[in-house]
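Colleague: Sequence first, predicted model second:
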Amino acid sequence: MKSVHSLTVDAPRSLSASAPSFAQVAEELLDDVYGYLLYLTRDWATAEDLTGETFEAALRKWRRYDPRRGTPRSWILAIARSTALDWFRADSRRRGREERAEAAEPRRAPDAELGLGFSPELEEGLRALTAGEREVVALRIVLDLDGEETARLLGITTTAVSTRLSRALGKLEERMRDHDVVA
């Protein structure tokens with residue numbers, strides 16, 4: 001704040017030397033945001049995905065951050081909360097769709113093959129993945145969609161697509177290693 005002949009004038013944010021950069025704020029708050037999202041979701045992988053989505057959204061909105069309305073911490077935690085609520089709503093809709101689809105489909109034996117011509121070890125590894133991970137593998141690897149197309153189709157960010165794919169491939173690699181399939 002600058003005082004000009006008893007008038008109080010706000011200095012433009014870009015001229016304020018004390019305004020932190022987004023990188024500084026993100027580095028300072030990363031653990032807090034992750035911890036908050038981990039507490040809400042009770043799942044470390046989901047918390048990681050949502051933390052990435054939170055900071056991605058915060059970066060896009062950083063120009064609009066107004067320090068007069070709150071601290072960077074409260075602002076980013078509000079974005080994290082919104083991101084988590086969106087995830088809970090989407091997850092609820094997804095579970096409902098899966099339950100309806102499962103009820104409509106005839107039951108198959110749990111050890112039945114997926115019918116894709118994969119080795120029994122790979123079939124087992126694919127069955128061990130979550131539905132979301134299998135979906136990302138199918139879209140990115142089997143159907144060869146790029147990250148942006150996959151993200152658009154799933155309604156998630158490209159960062160979340162990359163994280164899920166990396167996690168799924170890591171699980172598959174571990175399964176294959178357990179079966180001595182990977183050299």
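Modeller: Looks like it arrived, so ask away.
Colleague: quick one: contacts for residue 57?
Modeller: By C-beta atoms under 8 Å, 6 or more residues apart in numbering, the contact list for residue 57 reads 79, 83. C-betas here are computed from N, CA, C, even on glycine.
Colleague: Quick check: which ranges of this protein have low pLDDT?
Modeller: Low-confidence segments of the chain (pLDDT under 70): 1-18, 105-118, 179, 181-183.
Colleague: which residues in it form helices?
Modeller: 22-41, 44-61, 72-104, 120-128, 131-137, 147-154, 158-178 (DSSP state H).
Colleague: who's in contact with the last one?
Modeller: Okay, so that is helix 158-178. For helix 158-178, with C-beta under 8 Å, 6+ apart as the criterion, the contacting residues are 45, 48-49, 52-53, 56, 121-122, 124-126, 128-129, 132-134, 136-137, 140-141, 147-148, 150-151, 154, 182.
Colleague: In space, what's closest to the spatially most central residue of the chain - neighbours in sequence excluded?
Modeller: Nearest to the mean C-alpha position of the chain, by C-alpha atoms, centre = their mean, lies residue 49 at 2.5 Å. Excluding its sequence neighbours, the residue lying closest to residue 49 (C-beta to C-beta, 6 or more residues apart in numbering) is residue 160, at 4.8 Å.
Colleague: roughly how far apart are the one you found and residue 61?
Modeller: Residue 160 sits at a distance of 18 Å from residue 61 (criterion: C-beta to C-beta, to the nearest Å).
Colleague: More neighbours: which of those two?
Modeller: More crowded of residue 160 and residue 61, by other C-beta atoms under 10 Å: residue 160, with 24 against 13.
Colleague: Buried ones only from the contacts of helix 158-178, please, as a PyMOL command.
Modeller: Selecting just the buried residues from those in PyMOL takes one command, with 16 or more other C-beta atoms under 10 Å as the test:
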select buried, resi 48+49+52+53+56+121+122+124+125+126+129+132+133+134+136+137+140+147+150+151+154
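Colleague: how much space between residue 76 and residue 24?
Modeller: In terms of C-beta to C-beta, residue 76 sits 12 Å off from residue 24.
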